[in-house]
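Enquirer: Predicted model and sequence below, questions to follow.
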Amino acid sequence: MSTADRTVTLTYRDAMREAMSEAMRADERVFLIGEDVGRYGGAFGVSKGMLAEFGPERIRDAPLSESAFTGAGIGAALNGMRPIVEIMTVNFSLLALDQIVNNAATIRHMSGGQFAVPLVIRMCTGAGRQLAAQHSHSFEGWYAHIPGIKVLAPATIADARGMLAPALADPNPVLIFEHGSLYNVSGELPAEREPVDIERAAVMHAGDDVTLVAYGGLLGRVLEAAERLTGRGVSAEVIDLRVLRPLDEATVLRSISRTHRAVIVDEGWRSGSLSAELSARIAERAFYELDAPVERVCAEEVPTSYAAHLEQAAIPQADDVVAAALRTVGRDG
Amino acid sequence: MTPVHPPAGRPDPASGPLPPHAIELLRGMLRIRRFEERCVELYSATRIRGFLHLYIGEEAVATGVMRVLEPDDAVVTTYREHGHALARGVAADALMAEMLGRSGGCCRGRGGSMHVFDRASRFYGGNAIVAGGLPIAAGLALADLMLGRERVTACFFGEGAIAEGEFHESLNLAALWRLPVLFVCENNYYAMGSALELTESQTKLTIKAASYDLPAWSVDGMDVVAVERAARRAALAIRGGEGPVFLECRTYRFRAHSMYDPDLYRDKEEVREWREGHDPIELLAARLRAHGALGQAAIDEIEAAIAAEIEHAVAFAEASEPEPVEDLLRDVYAAAQDRP
């Protein structure tokens, strides 16, 4: 068997770690900064073992000061380094919003193009682990609202391994959202690293009757829904958005112009969400292609509960996606 | 509310030796003063709009601190930064054009008065969020530390920043990692309209800063020579790898917070007391005169040169084209080939 054919089995967590280690071996300007990234090995174990290889200067444990260490990432990026800032969870990123929104996103423009902020900020996002209201947010959509930053949502192990390198090569601030439910997911990848882009959405399952759009932690449920729809005689195309800003609307519109129906699945709350943005764009650009109203499957508008049954009732399930898709083809579940 | 008095008594102008470049310090402060006075005229004539925060009264701080910086050092500052920009070497032409929002402005009219950036002088911005620049300064310094460069990042902020979390987070981070940052607190006693004593439980700012285990000094911010001396000592320690230093410069803003501010929160008498007895420019001029180092001819020469430079800047700015609207969306993202 040639090297090209060899595969490895990796978890999402391993893939992310491999990507970081690879980047640090390739470029000594790259370093990791965040809470418990070093001695602890990362709150979700993503950077486990990296301290031993790269040392405390480059695997830099930061105090619980999201604003300071995120801003320090911005300053270091302005001054020749290529920092990876790990914010433990998206909820804590609210404590660094000033730095992300007022500085990272604006400095390129405010300076009239004199400066750039080549920074990567990684964080864990999403619900589903009984972590209750303050540890279960999906704020990717908020960040995707902001010009000046790019937003990625790796949903697959291939993207977990592949998205970091182009993000680090990008001269702009790039936010990477890692859904907490994905870290333990494992799968096979070619041993040989394959480059991935951070520009386009990906068709994950081909179909003709309805387009299901998802990203991040819900992609798995949506693929499961597509399988079940096949069993019901409905051919669903599944698109993994991958890049939440700038949105690759062309891929979505191309699919809808074939299927004429769309279901958008978003773990964020419906009001003012990424799903709202996508359905507005579909209405603007593909209204006459549609054979049915756009359906959205979003989180219920309630702070996330601790109790498992309440939490699961609040976030999109494969059943909800199947039901929405069936409505678009004029069938009720 | 207790009035804020300047340091008791007027200093003896004949006291202490003056550095040989004292006249340059005077020139630097006057240049900032006259530039901003011209900005006020332009604001009243509606040529400059938006927020305009004047540094008048505080010129000794930027002038004294910038004097000790090297070209490779970095500067991070606030929305009240025209003085820092001029003292650091941002061209008056480009600065004035920025105030007018023109294409010849240092930020092509994207930043304006509050967001002056200049790559050539390593000037990393006016920041309109109080304390928002401190984490960035820590990061600039972190990169220098990691790359083994003996550079200083000078970070200016007002005393209002001390109530913000970012001040505490950044001082802790800088002290913990011995980052080469010179934290310059411009204590003008008012955070917009909020007096220090109404906003801080501990009004001795060096005590707050010193709790992070870094050297924290206070200096008369109306005495440019003293500011320079303290900044030089601080910069030397920082370059020597001793970590950050906090320098409080006690100063006073002679004008309102911004052009929008009716300035009703402080006593006119208090303002008069500072203006008339503790103007940093007058204080230095008096000392120079007492040392026989400044005659009327020299003053006239300095004023004439500054006036000519400012006239040139205004003419440059007025002649500068507005940015084309077709370019509105440029520089939201850097392109791959612009890799910094």
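Expert: Thanks, I have the structure now.

Enquirer: what is B:W217 paired to in the beta sheet?
Expert: According to DSSP bridges, the residues that bridge with B:W217 are B:L247.

Enquirer: Give the closest residue to A:K48 in space, chain neighbours not counted.
Expert: Closest residue to A:K48 apart from its sequence neighbours, by C-beta to C-beta, 6 or more residues apart in numbering or on different chains: A:G41 at 3.4 Å. All C-beta spots, glycine's among them, are computed from the backbone N, C-alpha and C.

Enquirer: Could you identify the helix or strand that succeeds the biggest helix by length in chain A?
Expert: As assigned by DSSP state H, the longest helix anywhere in chain A is helix A:12-26. Downstream of helix A:12-26, the first helix or strand assigned by DSSP states H and E is strand A:30-34.

Enquirer: Quick one: residues in contact with the following helix or strand past that next one.
Expert: Using DSSP H and E, the helix or strand that follows strand A:30-34 towards the C-terminus is helix A:50-54. Residues from elsewhere that reach helix A:50-54 (C-beta atoms under 8 Å, 6 or more residues apart in numbering or on different chains): A:17, A:20-21, A:24, A:31-32, A:37-39, A:41, A:59.

Enquirer: now the strands for chain A?
Expert: With DSSP state E as the criterion, chain A has strands at A:7-11, A:30-34, A:59-61, A:82-89, A:120-125, A:150-152, A:174-179, A:186-190, A:202-205, A:210-214, A:236-240, A:243-245, A:262-269, A:295-299.

Enquirer: quick one, which of these is packed in tightest?
Expert: Ranked by mean neighbour count, those are led by strand A:210-214 with a mean of 29 (mean count of other C-beta atoms under 10 Å in any protein chain shown).

Enquirer: That strand vs strand A:295-299, what angle?
Expert: Relative orientation of strand A:210-214 and strand A:295-299, computed by axes from the mean of the first three to the mean of the last three C-alpha atoms, to 10 degrees: 20 degrees.

Enquirer: if we can go back for a sec, output the strands of chain A as TSV; include the columns mean pLDDT.
Expert: Below are the strands of chain A laid out as TSV (pLDDT from 0 to 100):
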stretch	mean pLDDT
strand A:7-11	96
strand A:30-34	98
strand A:59-61	98
strand A:82-89	98
strand A:120-125	98
strand A:150-152	98
strand A:174-179	98
strand A:186-190	95
strand A:202-205	98
strand A:210-214	98
strand A:236-240	98
strand A:243-245	98
strand A:262-269	98
strand A:295-299	98
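
Enquirer: Let me have those in a markdown table, extended by distance to chain B.
Expert: Shown next, in a markdown table, are the strands of chain A (distance: least, C-beta to the nearest C-beta, whole Å):
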| stretch | distance to chain B |
| --- | --- |
| strand A:7-11 | 28 |
| strand A:30-34 | 7 |
| strand A:59-61 | 8 |
| strand A:82-89 | 8 |
| strand A:120-125 | 13 |
| strand A:150-152 | 8 |
| strand A:174-179 | 10 |
| strand A:186-190 | 26 |
| strand A:202-205 | 21 |
| strand A:210-214 | 24 |
| strand A:236-240 | 23 |
| strand A:243-245 | 10 |
| strand A:262-269 | 24 |
| strand A:295-299 | 28 |
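
Enquirer: Could you list the contact residues of the stretch 1-150 of chain B toward chain A?
Expert: Within the stretch 1-150 of chain B, the positions near chain A by C-beta under 8 Å from any C-beta of the partner chain are B:74, B:76, B:105-111, B:115, B:117-119, B:124-125, B:127-129, B:132, B:134-144, B:146-147.

Enquirer: so how far is the longest helix of chain A off the chain centroid?
Expert: Remark: helix A:12-26 is offset 17 Å from the chain centroid, using C-alpha atoms, centre = their mean, to the nearest Å.

Enquirer: which intervals of chain B have sub-threshold pLDDT?
Expert: Residue ranges of chain B with pLDDT under 70: B:9-10, B:339-340.

Enquirer: all helices for it, in order.
Expert: B:22-44, B:59-66, B:82-88, B:92-99, B:133-146, B:165-176, B:196-199, B:205-210, B:224-239, B:268-277, B:280-290, B:296-319.

Enquirer: As TSV, these with mean neighbour count would be great.
Expert: Shown next, in TSV, are those (neighbours: other C-beta atoms under 10 Å in any protein chain shown):
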stretch	mean neighbour count
helix B:22-44	20
helix B:59-66	29
helix B:82-88	27
helix B:92-99	25
helix B:133-146	30
helix B:165-176	24
helix B:196-199	14
helix B:205-210	18
helix B:224-239	20
helix B:268-277	14
helix B:280-290	20
helix B:296-319	15
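
Enquirer: Tell me which of those helices sits nearest to A:A116.
Expert: Set against A:A116 and scored by C-beta to C-beta, those come closest in helix B:133-146, at 13.8 Å.

Enquirer: Quick check, central residue of chain A?
Expert: Computing the C-alpha centroid of chain A and ranking residues by C-alpha atoms, centre = their mean puts A:A153 first, at 1.4 Å.

Enquirer: got a list of what that residue touches?
Expert: If a contact means C-beta under 8 Å, 6+ apart, then A:A153 has A:140, A:176-177, A:179, A:215-216, A:241-244 as its contacts.

Enquirer: What is the most widely separated pair among these?
Expert: Spatial extent of the contacts of A:A153 (C-beta to C-beta) is set by the pair A:H179 and A:V243 at 15.2 Å.

Enquirer: Show me what from the stretch 151-300 of chain A comes close to chain B.
Expert: Contact residues, the stretch 151-300 of chain A versus chain B (C-beta under 8 Å from any C-beta): A:169-172.

Enquirer: Kindly reformat the strands of chain A as a markdown table and extend each row with distance to A:L95.
Expert: Below are these laid out as a markdown table (distance: least, C-beta to C-beta, whole Å):
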| stretch | distance to A:L95 |
| --- | --- |
| strand A:7-11 | 28 |
| strand A:30-34 | 13 |
| strand A:59-61 | 17 |
| strand A:82-89 | 9 |
| strand A:120-125 | 12 |
| strand A:150-152 | 19 |
| strand A:174-179 | 15 |
| strand A:186-190 | 32 |
| strand A:202-205 | 33 |
| strand A:210-214 | 29 |
| strand A:236-240 | 30 |
| strand A:243-245 | 21 |
| strand A:262-269 | 20 |
| strand A:295-299 | 22 |
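
Enquirer: Leaving out chain neighbours, which residue sits closest to residue 92?
Expert: Assuming you mean chain A. Distances taken as C-beta to C-beta, 6+ apart put A:E66 closest to A:F92, at 5.3 Å, once the chain neighbours are dropped.

Enquirer: Wait, chain B was what I had in mind.
Expert: B:A313 (4.1 Å).

Enquirer: surely the one you found meets B:L95?
Expert: Yes. B:A313 is within contact range of B:L95, at 7.1 Å (criterion: C-beta atoms under 8 Å).

Enquirer: tell me the contacts of the residue in the stretch 201-333 of chain A positioned nearest to chain B?
Expert: Minimum separation of the stretch 201-333 of chain A from chain B (C-beta to the nearest C-beta) falls at A:P246, amounting to 8.5 Å. For A:P246, the contact set (C-beta under 8 Å, 6+ apart) comprises A:150, A:199.

Enquirer: Can you pull the phi/psi pair for it?
Expert: Main-chain torsions, A:P246, degrees, to the nearest 10: phi -70, psi 140.

Enquirer: Near B:G126, how many residues? Count them for me, please.
Expert: 27 (other C-beta atoms under 10 Å in any protein chain shown).

Enquirer: before we move on, the earlier item: can you convert the residues of the stretch 151-300 of chain A next to chain B into TSV and add a column each for pLDDT?
Expert: Shown next, in TSV, are those (pLDDT from 0 to 100):
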residue	pLDDT
A:A169	97
A:D170	97
A:P171	97
A:N172	98
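
Enquirer: Between those residues, which sits nearest chain B?
Expert: Nearest to chain B, judged by C-beta to the nearest C-beta, of those is A:P171 at 3.9 Å.

Enquirer: From B:A141, how far off is the closest one?
Expert: From A:P171 across to B:A141, the span is 22 Å (C-beta to C-beta, to the nearest Å).
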